[in-house]
Every structure is written in C-alpha cells, then in structure tokens.
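K.L.:
any chance you can model this:
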Amino acid sequence: TMSNNYNSRLRPPEVFIVNGKPHLIRKRETLDDLLKNQIVHEEELFSNKVMGPAV
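P.N.:
Here you go, the predicted model:
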C-alpha cells in the first residue's frame, strides 16, 4: 500500500514477501525522521507581534 505523512503519522515498516519469505524493504520511520526536514521559526511563532499578548 501507499503511505504518507498526513497528520504527521509515522510510516510503518514495509515487508516484501518472496516465495513465502519476508524481506524488510523499508524500516519503521522514527520521530527524528519525521521532524528532520521541518523548519520552525520559534522567535516568530511565539512572539507577541504574531499572537498578541496573553490574556
């Protein structure tokens, strides 16, 4: 089946069966794998200019 990271779900391992024998073809994705390409600008996301002052 096809997999994706919709809603930031980790991808499961994939196994290919040949003549009844399993072969791991893709390892289980880790949280580090999922987050390694994300860019977070914390100084912008959590500043008062963007969110406004706390109430």
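K.L.:
so where do the helices sit in this protein?
P.N.:
Applying DSSP state H to the chain gives helices spanning 31-35, 42-45, 48-51.
K.L.:
so how far is residue 36 from residue 21?
P.N.:
32 Å (CB to CB, to the nearest Å). Heads up, the C-betas are built off the backbone N, CA and C, glycines and all.
K.L.:
what does residue 13 give?
P.N.:
Taking CB to CB, one finds residue 13 at 18 Å from residue 36.
K.L.:
repeat for residue 23
P.N.:
26 Å.
K.L.:
which residues does residue 4 contact?
P.N.:
residue 11 (CB atoms under 8 Å, 6 or more residues apart in numbering).
K.L.:
so where's the protein uncertain?
P.N.:
Within the chain, the segments meeting pLDDT under 70 span 1-2, 47-55.
K.L.:
so what's the most centrally placed residue in it closest to, chain neighbours aside?
P.N.:
Residue closest to the average C-alpha location in the chain (CA atoms, centre = their mean): residue 34, at 2.8 Å. Distances taken as CB to CB, 6 or more residues apart in numbering place residue 10 nearest to residue 34, at 5.9 Å, with adjacent residues excluded.
K.L.:
quick one: the one you found and residue 28 touch, right?
P.N.:
Yes: using CB atoms under 8 Å, residue 10 is in contact with residue 28, at 7.1 Å.
K.L.:
count the residues that sit near residue 19.
P.N.:
Other residues within reach of residue 19, judged by other CB atoms under 10 Å, total 4.
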